[in-house]
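**Student:** Quick one, structure for this:
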Amino acid sequence: MDQLTLSKMFMKLGDLPSLPQVTHELVRLTEDPRANSADVSRIICQDQVLASKVLKLVNSAYYGLHRRVATVSEAVTLLGMKTLRTLVLGASVHKTLSTLKGKRAVNPEKIWRHSYACAVSSKLLAHKMGVVETEQAFIAGLLHDIGKIVFNFFLPDEYAKAFKFASMKQCSLYQAEKEVLNLTHTEIGKLVAEKWNLPPSLVDSIGLHHSPLTQCENIDLVQIVYLGSILAVMAGYSETGNNSIMLDNKVMEKWKLTYEMLHNMAEEIKSNISVDFL
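**Tutor:** Presented below is the predicted three-dimensional model:
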């Protein structure tokens, strides 16, 4: 880890906006067994921008509802509190990071598209494997690369070099970050997740998805997000345009997966990607 670059990032992270208080209240509320849908709706509606974003997500093609949802309370009733917590966390992080202004290395939507594809892939894997709650896998996949968004805004010149390196060498952006910055988006993403007091499961999946054999409490989720990110690339959702992948044989063996199985799943998720989610 490059200490100079890390020190520079620490200074800039001090300028990073906080997540809306509504988000923290909602996470706390949805963990309370006494909470009901009315409580959840009331909390979300305290932030009208966030409420509008949630309704947009609920009415996106991803959920494929047969009728348009007009109110947050109706969304809670239809989708349940856990799904709404996922939507609010995703919307809050996207909204907060979208407020960052200034020079950027690349269009951030490229990073978000990959993240969304990873979210869909992770949810599919969780469903097939049956070891991780599907909505937990979805939000972990959606937020796994927030470190890239932070790099993109806070170190645009350096990050542009990393993108160029990845394109020239046909390697992953993670490998390029190590070569160019000696600091990775997983390290920065973990710091951001901790700063925002995100749940430990998300801190682990954000910080360890490129180290899927590292022992931690949430190793199954970390490995599903690792595989979900690979599936996203296989489906054509790579930020750099480089579709080369590196599969860890031990992870593949643990989940009894083959390349052909991953290829088939990548084809399956292509029809479920809807960029209007974000």
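
**Student:** residue ranges with poor pLDDT in this structure?
**Tutor:** For the chain, applying pLDDT under 70 flags the ranges 1-6, 61-62, 272, 274-278.

**Student:** Show me the domain layout of it.
**Tutor:** 1-16+102-278, 17-99 (automatic domain parsing).

**Student:** residues of whichever strand or helix holds Val40 that come out buried?
**Tutor:** Per DSSP states H and E: Val40 is located in helix 37-44. Within helix 37-44, the residues that count as buried by 16 or more other CB atoms under 10 Å are 37, 39-41, 43-44. Every C-beta, even on glycine, is put in place using the N, C-alpha and C of the backbone.

**Student:** closest to Thr96 among these?
**Tutor:** Among the buried residues of helix 37-44, Ile44 lies closest to Thr96 (CB to CB), at 15.7 Å.

**Student:** wait, isn't that closest one in contact with Val72?
**Tutor:** Yes: counting by CB atoms under 8 Å, Ile44 touches Val72, with 5.0 Å between them.

**Student:** Need the overlap of contacts for these two.
**Tutor:** 51, 54 (CB atoms under 8 Å, 6 or more residues apart in numbering).

**Student:** From the rest of the structure, what touches stretch 75-91?
**Tutor:** Defining contact as CB under 8 Å, 6+ apart, one finds that stretch 75-91 is touched by 22-23, 26-27, 30, 35, 37, 40-41, 44, 50, 53-55, 57-58, 63, 65, 69, 119, 133, 135-136, 138-139, 142-143, 198.

**Student:** in that stretch, what counts as buried?
**Tutor:** For stretch 75-91, the neighbour count (16+ other CB under 10 Å) marks 75-76, 79, 81, 83-91 as buried.

**Student:** Looking at these, which are in helices?
**Tutor:** 75-76, 79, 81, 83-91 (DSSP state H).

**Student:** Using the three-state scheme, assign the closest residue to Pro17 other than its chain neighbours.
**Tutor:** Of all residues not flanking Pro17 in the chain, Thr96 sits nearest, at 5.2 Å (CB to CB, 6 or more residues apart in numbering). For Thr96, the secondary structure call by DSSP: H, G, I helix; E, B strand; the rest coil comes out as helix.

**Student:** Run through the residues that contact Thr96.
**Tutor:** 17-20.

**Student:** Could you identify which of the domains of the chain is most buried?
**Tutor:** Scoring the domains of the chain by mean neighbour count under mean count of other CB atoms under 10 Å gives domain 1-16+102-278 as the most buried, with a mean of 19.

**Student:** next one: that domain to chain centre, how far?
**Tutor:** Computed by CA atoms, centre = their mean, to the nearest Å, the chain-centroid distance of domain 1-16+102-278 equals 7 Å.

**Student:** swap in stretch 35-44?
**Tutor:** Centroid separation for stretch 35-44 versus its chain: 24 Å, with CA atoms, centre = their mean.

**Student:** Which residues does it contact?
**Tutor:** For stretch 35-44, the surrounding residues in contact (CB under 8 Å, 6+ apart) are 22, 25-26, 29-30, 50-51, 54, 71-73, 76-77, 81, 84, 88.

**Student:** And stretch 230-246, by the same measure?
**Tutor:** Residues outside stretch 230-246 that contact it (CB under 8 Å, 6+ apart) are 106, 110-111, 113-114, 116-118, 120-121, 124-125, 148, 163, 166-167, 170-173, 247, 262-263, 265-267, 269-270, 273.

**Student:** Mark which of those are part of strands, please.
**Tutor:** Among the contacts of stretch 230-246, no member falls in strands (DSSP state E).

**Student:** Span of stretch 203-221 from start to end?
**Tutor:** 11 Å (CA to CA, to the nearest Å).

**Student:** Look through the protein and report the residue furthest from the middle.
**Tutor:** Arg34 (28.9 Å; CA atoms, centre = their mean).

**Student:** got the contact list for that residue?
**Tutor:** Per CB under 8 Å, 6+ apart, neighbours of Arg34: none.

**Student:** where along the stretch 1-150 of the chain do the helices fall?
**Tutor:** In the stretch 1-150 of the chain, the helices defined using DSSP state H, counting those that start in this stretch lie at 3-13, 21-30, 37-44, 48-58, 72-79, 81-98, 108-129, 134-143, 146-154.
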